[in-house]
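Q: The sequence and its predicted three-dimensional model are supplied below.
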There are 2 protein chains.
Amino acid sequence: MIPKQQVEKRVADSLEICRRQGVKATHQRTEILRELAGSEEHPDAETILTRVRQRVPTISVDTIYRTLRLLEDSGVIARVGSMRDRARFDANTDRHHHFVCTECEMIGDFYSDAMDQFPVPQEVSEMGSVEGVYVELRGICRKCKQKAMKTEGRTGEKP
Amino acid sequence: MIPKQQVEKRVADSLEICRRQGVKATHQRTEILRELAGSEEHPDAETILTRVRQRVPTISVDTIYRTLRLLEDSGVIARVGSMRDRARFDANTDRHHHFVCTECEMIGDFYSDAMDQFPVPQEVSEMGSVEGVYVELRGICRKCKQKAMKTEGRTGEKP
DNA sequence: TCCTAAATAGTAATTATTACGAATGGAGTT
DNA sequence: AACTCCATTCGTAATAATTACTATTTAGGA
């Protein structure tokens, strides 16, 4: 669980960045941001909608999606996760990367100076100018691995 | 343009990998694979459908999507591109990464030993076992940058 | 050749996301 | 406070991409 104080700081910082870009800090935007900043699980739009509705019961689907796009464009949230599933979001603006479990879709954050400081290959410089990096490590998380072990143990058993 | 010989080799190799997994090499699958292997632009499902139809006029939407999923699961093609747009595909199975233009969605391949050999941080090892890496460099491609320059030149002009 | 499971075509259904039009709300002005 | 103006939101409809269904076809082994 993320400390409340930390959540509020992130919300305040993000809204400040928005304001500097002329994006107003409405009640709905604040709550969406707060929901995301307080979550470690990188929720999808529907999950965010359900949760925010507990506090803002009339919030609409349109507002959720519109706001998520807006916040993404403003650079205070990011879209993460393998593209085979629905979009998921992250309000952590610190430079970091993600581990994605291809089994259960769990997404975890991690930090890596090495990955942050990639040398941009010549090849790429010739294609254009690099402004961001997205790194995703994919694999099987602990939980899923254990589950697989158990299931494997059963193979060969009589029914 | 990719040399025909190279395309055919890629197709043959991919089908061989499929067969070893018990996946049959049907006409449709072969043509979808051939289309992808012969393209450098990382086409989306619809584009693949249109192009393959010139050779296999009766191929269905279902077959395209089903096959793309199957080939992805078999590991002979990959899903690429920023998740804000539709899925795009790549039949290049050599270890490589992508540069994506956030303006025009152009996708270019590049190779980088440095990125291939990144040390997996302890943090991540604790989350699970890493089986793949997806790296995407994002920015503005040459073409779009030039276009932006021209447009910028116009600002301030009378209408 | 014949058999059987797997694959496909054509179409319908589902799901996520975006768009629309009326209504609301907030900042600045008088 | 009342008024204006423009952005934002709500509720719902529409769109776009992807997946599912069922009858028919096909591949590949016995």
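A: Received the coordinates, thanks. Computed from a prediction, not measured in an experiment: that's the story for all the values here. Numbers count the residues shown, from 1 in each chain, chains lettered A, B, ... in the order given.

Q: Identify the residues contacting the longest helix along chain A?
A: In chain A, assigned by DSSP state H, the helix with the most residues is helix A:4-20. With C-beta atoms under 8 Å, 6 or more residues apart in numbering or on different chains as the test, helix A:4-20 has contacts from A:24-25, A:29-30, A:33-34, A:37-38, A:71, A:74-77, A:91-93. In short, each C-beta sits where N, CA and C put it, glycine included.

Q: what about 10 Å?
A: Here helix A:4-20 makes contact (C-beta atoms under 10 Å, 6 or more residues apart in numbering or on different chains) with A:1-3, A:23-26, A:29-39, A:70-71, A:74-77, A:91-94.

Q: Also near DNA strand C: which of those residues, exactly?
A: Near DNA strand C, taking C-beta under 7 Å from any atom of the strand as the test, the members of these found are A:Thr26.

Q: Can you flag which of the contacts of helix A:4-20 belong to helices?
A: A:Arg29, A:Thr30, A:Glu31, A:Ile32, A:Leu33, A:Arg34, A:Glu35, A:Leu36, A:Ala37, A:Leu70, A:Leu71, A:Ser74.

Q: Find the residue closest to the last one in space, skipping its chain neighbours.
A: Closest residue in space to A:Ser74, ignoring its immediate chain neighbours: A:Cys18 at 5.2 Å, by C-beta to C-beta, 6 or more residues apart in numbering or on different chains.

Q: So that neighbour versus DNA strand C, what's the distance?
A: 13 Å (C-beta to the nearest atom of the strand, to the nearest Å).

Q: What distance do you get for that residue to A:Val120?
A: Distance, A:Cys18 to A:Val120, by C-beta to C-beta, to the nearest Å: 29 Å.

Q: So those two - more neighbours on which side?
A: A:Cys18 (21 against 15; other C-beta atoms under 10 Å in any protein chain shown).

Q: Now do the same contact list for A:Leu70.
A: By C-beta under 10 Å, 6+ apart, the residues touching A:Leu70 are A:Cys18, A:Gln21, A:Val23, A:Arg29, A:Ile32, A:Thr63, A:Val76, A:Ile77.

Q: A:Gln146 now?
A: A:Ile140.

Q: Which element, helix or strand, includes it?
A: Under the criterion of DSSP states H and E, A:Gln146 resides in helix A:142-154.

Q: before we move on, back to that, could you dump the ones in helices among the contacts of helix A:4-20 into TSV with pLDDT added?
A: Listed next are the ones in helices among the contacts of helix A:4-20 as TSV, based on pLDDT from 0 to 100:
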residue	pLDDT
A:Arg29	97
A:Thr30	97
A:Glu31	97
A:Ile32	98
A:Leu33	97
A:Arg34	97
A:Glu35	97
A:Leu36	97
A:Ala37	97
A:Leu70	97
A:Leu71	97
A:Ser74	95
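
Q: Pick the one among these closest to DNA strand C.
A: Ranked by distance to DNA strand C (C-beta to the nearest atom of the strand), the ones in helices among the contacts of helix A:4-20 are led by A:Leu70 at 10.3 Å.

Q: follow-up on the earlier one: please list only the buried members of the ones in helices among the contacts of helix A:4-20.
A: Those of those that meet the buried threshold are A:Arg29, A:Thr30, A:Glu31, A:Ile32, A:Leu33, A:Arg34, A:Glu35, A:Leu36, A:Ala37, A:Leu70, A:Leu71, A:Ser74, by 16 or more other C-beta atoms under 10 Å in any protein chain shown.

Q: tell me, which of these make contact with DNA strand D?
A: A:Arg29.

Q: between the buried ones among the ones in helices among the contacts of helix A:4-20, which is nearest B:Phe110?
A: A:Ser74 (28.9 Å; C-beta to C-beta).

Q: Distance of the closest one relative to chain B?
A: Distance, A:Ser74 to chain B, by C-beta to the nearest C-beta, to the nearest Å: 14 Å.

Q: Might you report the residue contacts of that residue?
A: Going by C-beta under 10 Å, 6+ apart, A:Ser74 touches A:Ser14, A:Leu15, A:Ile17, A:Cys18, A:Arg19, A:Arg20, A:Gln21, A:Gly22, A:Val23, A:Arg29.

Q: Would you mind checking these for buried ones?
A: Taking 16+ other C-beta under 10 Å as the criterion, what is buried in the contacts of A:Ser74 is A:Ser14, A:Leu15, A:Cys18, A:Val23, A:Arg29.
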